[in-house]
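# Sharing a model prediction with you, sequence too.
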Amino acid sequence: MAKIIYTHTDEAPLLATYSFLPIIAAYAKTAGVEVETRDISLAGRVIAQFPDRLTDEQRIDDALAELGELATKPEANIIKLPNISASLPQLKATIAELQSQGYDLPAYPENPQTDEERETRARYDKVKGSAVNPVLREGNSDRRAPASVKNYAKSHPHSMGAWSSDSKTSVATMGGDDFRSNEKSVVLEGDDTLSIVHVGAGGEETVLKESLPVLAGEVVDGTFMSAAALDAFLEQQVAKAKDDGVLFSAHLKATMMKVSDPIIFGHVVRAYFRDVFAQHGEQLAAAGLSANDGLGGILGGLDALDNGAEIKAAFEKGLADGPSLAMVDSDKGITNLHVPSDVIIDASMPAMIRTSGQMWNAAGEQQDTLAVIPDSSYAGIYQATIDDCREHGALDPSTMGSVPNVGLMAKAAEEYGSHDKTFEIPAAGTVEVRNAAGEVLMSHDVQPGDIWRACQTKDASIRDWVKLAVTRARASQTPAVFWLDETRAHDANLIALVKEYLKDHDTEGLDISVMAPAEATTFSLERIRKGEDTISVTGNVLRDYNTDLFPILELGTSAKMLSIVPLMNGGGLFETGAGGSAPKHVQQLVKEDYLRWDSLGEFFALAASLEHLAGYDDNQRAKLLGDALDRATETFLNEDRSPGRKLGTTDNRGSHFYLALYWAEELAKQTEDAQLAEAFASLASTLRESEQTIVDELLAVQGKPADIGGYFRPDPEKAAAVMRPSTTFNEALASL
C-alpha cells in the first residue's frame, strides 16, 4: 500500500493534527493510501535520546533518524509540519514538563564538569535549535504562493500600515569585523577530512573539531565575529536609539543559529544593561543566571538571591534610563530582550515593515524603531525594503506581484550546517582549518569571546539548486535572480559555480541573472509594485528570510505558502508553512478552548503529496483526491472558512469540517471514477445536511478552559477529545 508519513510536531500544528489527521486518513484510505505518523516533536526528540533511563512504556524510537534515512530513498513522501526550533529556555521547559510527567530525565548541564554531564549535554544538544530540518531536507526548496491564495489576497487584501516619508525606522548593522566581513571560503579539490584547531598565543593547540569529512567540490567557509567590535557597536546603537527617540530592538535567529545567536543576544542584553552587569555581573554568573537566556530568565531567578530585590531594582532603573524597548507583549511587560527565541528575525522584521515600519512600545502603541541586526550578511535586504516603503509607501496586496523562492538547503547546506562548527573562543590565538595532510586552508586571528564558525555546502546540492532554478524559471516563464554578492567570499565561490553549472541546462529565452542581496531586493520590489513576479534564488538563510518577508507582505502570512522539497533521490518532502504564532494559539486554546491556527499550509502540502504519490505509485485515485483537494481549498478560501479571530466564530476545527465538506463535494462531482464519486456523494450529503448541527457542536465547547495534559507533550486522549468535539462529524467520517 502506498504510504504518506505525516509528522507529529509541536504546539498549535500538533493540536490541529488531532483534528485534521482523521479526515486525511479516512479520505486517503479510499485511494489505498496509508497515512502513518512519526513523532519528531521537541519532547519526542528528547525522549528518544534517553532510552537507557526510561521504562519500556516510555521509550520511543528515534523517528527523526528514521525519517532522515527515508528522505534519501525514492519512495519518501513526508508531510512536515512546523517544529519548535528550540532555544535553551524552551529545551529546559520541555525537560521540566517531561520530568513532571514521570520521565526520569537528567537536568540540562549548563557547565558540564564530569564525563557523564558532558555526555548528557551532548545528547540534549542534538535536539536544540532547528535540529529537524537539516536531517530531512535532502533536497532544495521550492516555495511559492499557490494561485488560489494569491488570487484571494488580491480580492481580499489584508491591512497594511501606512508609511511616512519621515519615518525614523532604520536597520543598524556592524559592517566590519562581523561574520560577513571576516569570511574566508575554499572549494575542496578532493575528498578529505578537515579539522578545526585553536592555536594559543604560546603555540599550544586545542582541537575544536577533530573530524570534518568533506567531498570533492564542496564549499567550506570559516569566519568570526569580534566580541570587542560587537560590544562597541551595540553600545553605540543603544545610545543612538535613546538620542533619536526610537524603540531599540534586536533581531536575531537564536533558534536556527543555536550556538552563535544566543551568545550575540547575551551581548545585546549586557550592552543595554551595561551598568547592571558592571555591578552585579559576576554574582549573576555565579548563580547561573546568563544574559544569553534573556532578561526573563534572569529576573525569574533573582528571588533565590539574598540581594535579588536590589538587582531587580537595578534592572528596572536600566529600563527607565535606557532607550524604550520594543515589546513582545506590552500587556505582560515582555520586552524584546526577555527571551532569545521570542524575536526571530525572519518573522519580526517583515511584521514591522508591514505595520508602517513600527513596533509596539510599553504603552501598547506603535513607534518608529531601530532594528539592530549585528551581522551584515543580509541586514541590507531589510534596509532596502524599508527605504522602498519610505519612498513609495506601503505595498498594495491587491495589485502586487510575487517573489517565489528556490532555496539552497540540501544536505545541511550553508549556515544550517554551522551548529557543530561554532565556538565561543576562550583565549587569544588563531583558529585554523586544516586538511588531513595538516595544511592550513583558512585561518583567523581571534580574541577571547570571539564567535568563530564554519559551514559546508556540498557540490551536489549546488548543482541540484541550479537545476531547480532553471526548471522553475522555465515552468513559470519568470525572471530568476541568484541573490549572491561577489564581494563576499562564500558568494564569490558560488557565483563561479553557478555560472559553470548553468551551462549544463537549456537557458535559452530565460532571464537569469546574479545580483547582490540588497540590489536584488530593490529590483524585486520595483517589479512587485508593477504586479510582476521574480524568482529569488538564494542560499539557505536568505531562503528562510525571503519566504517570510515577501509572503507576509503579499499574503499577510507565510503560513499560506506551497513549500515543496523535491528530494535529490526522487522522493518528496512537503512542508506546511511557518509556525511562529503557534505558542499564542496554544495559550488561547487552553484558556478558552479556541484554536486560531490556520491549516491552509497543511491543505496545500497534502494536495502536493497526493499528486507526487500518484506519479510515483501510478495511483489514479490519489491524483483524483489531490485535484479535488485543490478545488476544495479554493472554495474554502472564497467562502472565507479560515479560522476567525474571536470566540463564537469558526476556529481550526470548524475550518477542517468545511474543508472536508468541500473536498467530499468535489470528489462526488468528479466523473472519472464512479465508485469513488458514489462513496463521497453519500458523505457529502451527510455533511451538508448536518452542517448546522456540526457547527453548533463545535461552537458549544468554546469559552471555557481546555485540558490537553501538557504543552510540549499533550496527553493524546485529552488532546483528541478537545480537538474532535463533534460527535456528528466524527460518526460521518467513520461511515466512510
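Here it is on my side, so go on.
# Just the buried residues of the helix or strand bottoming out on mean pLDDT in the chain, please?
Using mean pLDDT, DSSP states H and E, the weakest-scoring helix or strand in the chain turns out to be helix 133-136, at a mean of 82. Buried residues in helix 133-136, counting neighbours by 16 or more other Cβ atoms under 10 Å, are found at 133, 134, 135, 136. In short, each C-beta sits where N, CA and C put it, glycine included.
# How about stretch 297-306?
With burial defined by 16+ other Cβ under 10 Å, the residues of stretch 297-306 counted as buried are 297, 298, 299, 301, 302, 305.
# Can you tell me what sits against that stretch?
Here stretch 297-306 makes contact (Cβ atoms under 8 Å, 6 or more residues apart in numbering) with 89, 283-284, 287-291, 308-309, 311-312, 315, 339.
# Please produce a ChimeraX select command covering the buried subset of those.
In ChimeraX, a selection of the buried entries from these looks like this (16+ other Cβ under 10 Å):
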select :89,284,287,289,290,291,311,312,315,339
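# Turn the contacts of stretch 297-306 into a markdown table, columns for distance to residue 376 and pLDDT.
Listed next are the contacts of stretch 297-306 as a markdown table, based on distance: Cβ to Cβ, whole Å; pLDDT from 0 to 100:
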| residue | distance to residue 376 | pLDDT |
| --- | --- | --- |
| 89 | 28 | 86 |
| 283 | 35 | 95 |
| 284 | 30 | 95 |
| 287 | 35 | 92 |
| 288 | 33 | 91 |
| 289 | 31 | 94 |
| 290 | 26 | 94 |
| 291 | 23 | 95 |
| 308 | 38 | 93 |
| 309 | 41 | 94 |
| 311 | 34 | 96 |
| 312 | 35 | 96 |
| 315 | 30 | 96 |
| 339 | 25 | 92 |
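# can you tell me which of the contacts of stretch 297-306 lies nearest to residue 200?
Proximity of these to residue 200 (Cβ to Cβ) peaks at residue 290, which lies at 25.4 Å.
# tell me the pLDDT at residue 132?
The model reports residue 132 with a pLDDT of 84.
# Please look at it and residue 64 and confirm they touch.
Yes. The criterion here is Cβ atoms under 8 Å, and residue 132 meets it with residue 64 at 6.1 Å.
# what's the overlap in contacts for those two?
By Cβ under 8 Å, 6+ apart, residue 132 and residue 64 have these common neighbours: 40, 45.
# What's opposite residue 512 in the beta bridge?
Residue 512 has the following beta-bridge partners by DSSP bridges: residue 480.
# how many other residues sit next to it?
Residue 512 has 18 neighbours, counted by other Cβ atoms under 10 Å.
# Quick check: it touching residue 469?
Yes. In this structure residue 512 lies within contact range of residue 469 using Cβ under 8 Å: 7.3 Å.
# what residues are shared contacts of the two?
The contact sets of residue 512 and residue 469 overlap at 480, 482 (Cβ under 8 Å, 6+ apart).
# Grab the nearest non-local neighbour of residue 210.
Nearest residue to residue 210 in three dimensions, chain neighbours excluded: residue 195, at 5.8 Å (Cβ to Cβ, 6 or more residues apart in numbering).
# what do you get for residue 314?
Leaving out its chain neighbours, the residue that sits closest to residue 314 by Cβ to Cβ, 6+ apart is residue 276, at 4.6 Å.
# Equivalent analysis for residue 185, please.
residue 489 (4.0 Å).
# hang on, the earlier thing: and the residue nearest to residue 314, its phi and psi?
Main-chain torsions, residue 276, degrees, to the nearest 10: phi -60, psi -40.
# re earlier: so the residue nearest to residue 185 touches residue 182, yeah?
No. Residue 489 is beyond contact range of residue 182, at 9.1 Å (criterion: Cβ under 8 Å).
# out of the buried residues of stretch 297-306, which are inside helices?
Judged by DSSP state H, helices contain the following of the buried residues of stretch 297-306: 297, 298, 299, 301.
# And those, which is closest to residue 453?
So of these, ranked by how close each gets to residue 453 (Cβ to Cβ), first place is residue 297, at 24.0 Å.
# Narrow the contacts of stretch 297-306 to those in strands?
If you go by DSSP state E, those have nothing in strands.
# can you redo the contacts of stretch 297-306 as a markdown table with distance to residue 462?
Below are those laid out as a markdown table (distance: Cβ to Cβ, whole Å):
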| residue | distance to residue 462 |
| --- | --- |
| 89 | 36 |
| 283 | 50 |
| 284 | 45 |
| 287 | 47 |
| 288 | 43 |
| 289 | 44 |
| 290 | 38 |
| 291 | 38 |
| 308 | 53 |
| 309 | 57 |
| 311 | 51 |
| 312 | 52 |
| 315 | 47 |
| 339 | 36 |
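# hang on, the earlier thing: between the buried residues of helix 133-136, which is nearest residue 363?
Among these, residue 133 lies closest to residue 363 (Cβ to Cβ), at 37.9 Å.
# still on that earlier bit, could you count how many residues lie near the residue nearest to residue 185?
Applying other Cβ under 10 Å, we find 20 residues neighbouring residue 489.
# again with residue 675
Residue 675: 9 surrounding residues under other Cβ under 10 Å.
# Show me what the host helix or strand of it is packed up against.
Assigned by DSSP states H and E, residue 675 belongs to helix 674-689. With contacts taken as 3 or more Cβ pairs under 8 Å, 6 or more residues apart in numbering; DSSP states H and E, helix 674-689 sits against helix 652-669, helix 727-735.
# Centre of the chain to that helix, how far?
Put simply, helix 674-689 sits 38 Å off its chain's centre (Cα atoms, centre = their mean, to the nearest Å).
# swap in stretch 20-36?
The mean C-alpha position of stretch 20-36 is separated from the chain mean by 27 Å, Cα atoms, centre = their mean.
# So for that stretch, mean pLDDT?
Stretch 20-36 shows a mean pLDDT of 97.
# Tell me the span between the first and last residue of that stretch.
13 Å (Cα to Cα, to the nearest Å).
# Okay, buried residues for that stretch please.
Quick answer for stretch 20-36 (16+ other Cβ under 10 Å): 20-28, 30-31, 33, 35.
# Save these as TSV, and put in distance to residue 595 too.
Converted to TSV, the buried residues of stretch 20-36 look like this (distance: Cβ to Cβ, whole Å):
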residue	distance to residue 595
20	11
21	15
22	16
23	15
24	17
25	20
26	21
27	21
28	23
30	27
31	28
33	27
35	21
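# Just the closest of the residues you listed to residue 251, please.
Nearest to residue 251 among the buried residues of stretch 20-36 is residue 20, at 32.6 Å by Cβ to Cβ.
# what's the distance between the closest one and residue 373?
36 Å (Cβ to Cβ, to the nearest Å).
# And residue 236, by the same measure?
For residue 236, the distance to residue 373 - Cβ to Cβ - is 14 Å.
# Which one's more surrounded, these two?
Neighbour count, other Cβ under 10 Å: between residue 236 and residue 373, residue 373 has more, with 22 against 12.
# residues contacting the more buried one?
171, 172, 173, 250, 251, 252, 345, 349, 379, 382.
# 6 Å - rerun?
Contacts here follow Cβ atoms under 6 Å, 6 or more residues apart in numbering; on that basis residue 373 touches 171, 173, 251, 379.
# Without its sequence neighbours, what residue ends up closest to it?
Closest to residue 373 by Cβ to Cβ, 6+ apart is residue 379, at 4.1 Å.
# was I right about the one you found contacting residue 175?
No. Assessed by Cβ atoms under 6 Å, residue 379 is found out of contact with residue 175, at 8.6 Å.
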